[in-house]
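A.B. asks: After the sequence you'll find the predicted model.
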Amino acid sequence: MLSAVPPPGIVPNRPSMKRARCLPGCLFGLALAGVPAAGQTAPPTPGQSAPPASAPWYAQPNIWHPPAPNPKAARLPLISVKGNRFVDPAGAPVLFRGVSIADPDKLAGQGHWNEALFAAVKDFGANLVRIPVHPIAWRERTPAEYLKLLDQAVDWCTDQGIYVDIDWHSIGNLRTGMFQAPMYDTSTAETLNFWRTIAVHFRGNHTVAFFELFNEPTRFRGMLGTVDWSDWRALNEEMIGVIRSCGAQAVPLVAGFDWAYELGPITNDPVRAEGIGYVTPPSPPTRPQPWEPRWDEDFGFAAGKYPVIATEIGFNLKPGEADDADRYGERITRYLEERGIGWLAWDFDPDWGPKLLKSFDGFALTPAGEFFKAALHRPPAPPR
């Protein structure tokens, strides 16, 4: 959804923040053709992740068997769904507000994967952090090694009192197997195996509150093939079934079409599963002003019946420029909070924009970062 400046060997650029997110040069054509870009690895056989070259197939760990019990697993209160709200064990509504970080593989490769990052997220005011896992990073690092990064993140977040949303960060059409860029290439079988692995691994861990099933489904005006809502609903029901068969308690989060933005189909044909939430990323260019009536039409209505999180909101400000009551930042945060919709600002990183950080050095904030930090440190807007 947003742009990045990748260091060598790290996850490549994300698309810029636009309603129809086009990519530079021939990268999009390569993604459509299923051809890996230079330096990237083609996806393995559907549903399988490539083992490390140093280990024979028969020596690979069975990564979806339960790990040793984590003594911190139940330290935070368990989050569940009651009506149209996320609630704690006493049934009190919890409004989640926080940030997304960059892919752990990127951060580790840059030398910025450490507890200080999550301490800075806590200081920023977040009670939820979204961790995007790109399919290419999951494969190239290998699931067994990637789980070590996620284990660290979950332990650090537990110590900080922050909940975690694990996000399978693909963009495209899972039904046709066509995606917006090679970094998002995956398959239905790999996606189901990912969630089986994650569900078993984090079963019983209250810190991992959410499983965001698929970042941004899109047909890209037909360039990624066709899929209708009934197909997409069934795919999500399949993912939820796998997760719950593994005994996981995390709340599954389901995205709509149009890069996850539009939730209209759930009015008459919601996902057939209890205890779930829905997500939307209402960025400024998605709809022209006046925003509020269009937000009502596209996703706001859903909060009257289901819990909703806006998983990516963000904007850029020029130096010296401030957000005010008439601009996107104030209006989107107020709109969401008045309806009990949680939100996550994108992105707590100096590379992936809209950026909240100028640098990892002291976690210096951009003007947009200053705005969102102030928003997280004020009380939420009262319900309508």
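C.D. replies: Okay, I see it. Remember, predicted model here, so these are calculated numbers, not experimental data.
A.B. asks: Doesn't Tyr146 belong to a strand?
C.D. replies: No. Looking at Tyr146 with DSSP: H, G, I helix; E, B strand; the rest coil, it is helix, so not inside a strand.
A.B. asks: list the contacts for it?
C.D. replies: Pro104, Asp105, Val133, Ala137, Trp138 (C-beta atoms under 8 Å, 6 or more residues apart in numbering). (Each C-beta comes from the backbone N, C-alpha and C, glycine too.)
A.B. asks: Can you tell me how far the last one is from Gly241?
C.D. replies: From Trp138 across to Gly241, the span is 21 Å (C-beta to C-beta, to the nearest Å).
A.B. asks: Which one's more surrounded, the two?
C.D. replies: Legend: neighbour count by other C-beta atoms under 10 Å for Trp138 and Gly241, higher for Trp138 (23 against 14).
A.B. asks: On the pLDDT front, check the more buried one for me.
C.D. replies: Trp138 carries a pLDDT score of 98 in this model.
A.B. asks: That one contacts Phe194, correct?
C.D. replies: Yes. At 6.6 Å, Trp138 counts as touching Phe194 under the criterion of C-beta atoms under 8 Å.
A.B. asks: circling back: which one of the contacts of Tyr146 sits closest to Asp298?
C.D. replies: Val133 (26.5 Å; C-beta to C-beta).
A.B. asks: returning to what we had before: among the contacts of Tyr146, which are in helices?
C.D. replies: Counting by DSSP state H, those place Pro104, Asp105, Ala137, Trp138 in helices.
A.B. asks: so which of these would you say is closest to Ala59?
C.D. replies: Distances from Ala59 to the ones in helices among the contacts of Tyr146, taken by C-beta to C-beta, are shortest for Trp138, at 20.0 Å.
A.B. asks: give me the low-pLDDT residue ranges for this structure?
C.D. replies: For the chain, the stretches with pLDDT under 70 are 1-54, 63-64, 260, 324-325.
A.B. asks: Apply 80 and report the result again.
C.D. replies: Along the chain, the parts satisfying pLDDT under 80 run over 1-55, 60-65, 221-222, 258-261, 283, 285-287, 318-326.
A.B. asks: center of it, which residue is that?
C.D. replies: Using C-alpha atoms, centre = their mean, the residue of the chain that lies closest to the mean C-alpha position is Asp167, 3.8 Å off.
A.B. asks: tell me the SS of that one?
C.D. replies: Going by three-state DSSP: Asp167 is strand.
A.B. asks: How much space separates the residue lying closest to it once chain neighbours are set aside from Leu253?
C.D. replies: Excluding the flanking residues, the one nearest Asp167 by C-beta to C-beta, 6 or more residues apart in numbering is Glu212, at 4.0 Å. Look at Glu212 and Leu253: by C-beta to C-beta, they are 4 Å apart.
A.B. asks: How about the backbone phi and psi for Leu149?
C.D. replies: Reported as degrees, to the nearest 10, the phi and psi values for Leu149 are phi -70, psi -50.
A.B. asks: Please report the distance of it from Gly109.
C.D. replies: From Leu149 to Gly109 the distance is 11 Å (C-beta to C-beta).
A.B. asks: again with Lys355
C.D. replies: Applying C-beta to C-beta, the value for Lys355 to Gly109 is 18 Å.
A.B. asks: hmm, which two among the contacts of Tyr146 are most spread apart?
C.D. replies: Pairwise over the contacts of Tyr146, using C-beta to C-beta, the maximum falls at Pro104 and Trp138, 10.2 Å.
A.B. asks: just to revisit the earlier point, so the residue nearest to the centre of the chain is in contact with Val129, correct?
C.D. replies: No. The pair Asp167 / Val129 is not scored as a contact, 10.4 Å apart, by C-beta under 8 Å.
A.B. asks: what sits in contact with each of those two?
C.D. replies: Counting by C-beta under 8 Å, 6+ apart, the common neighbours of Asp167 and Val129 are Ser100.
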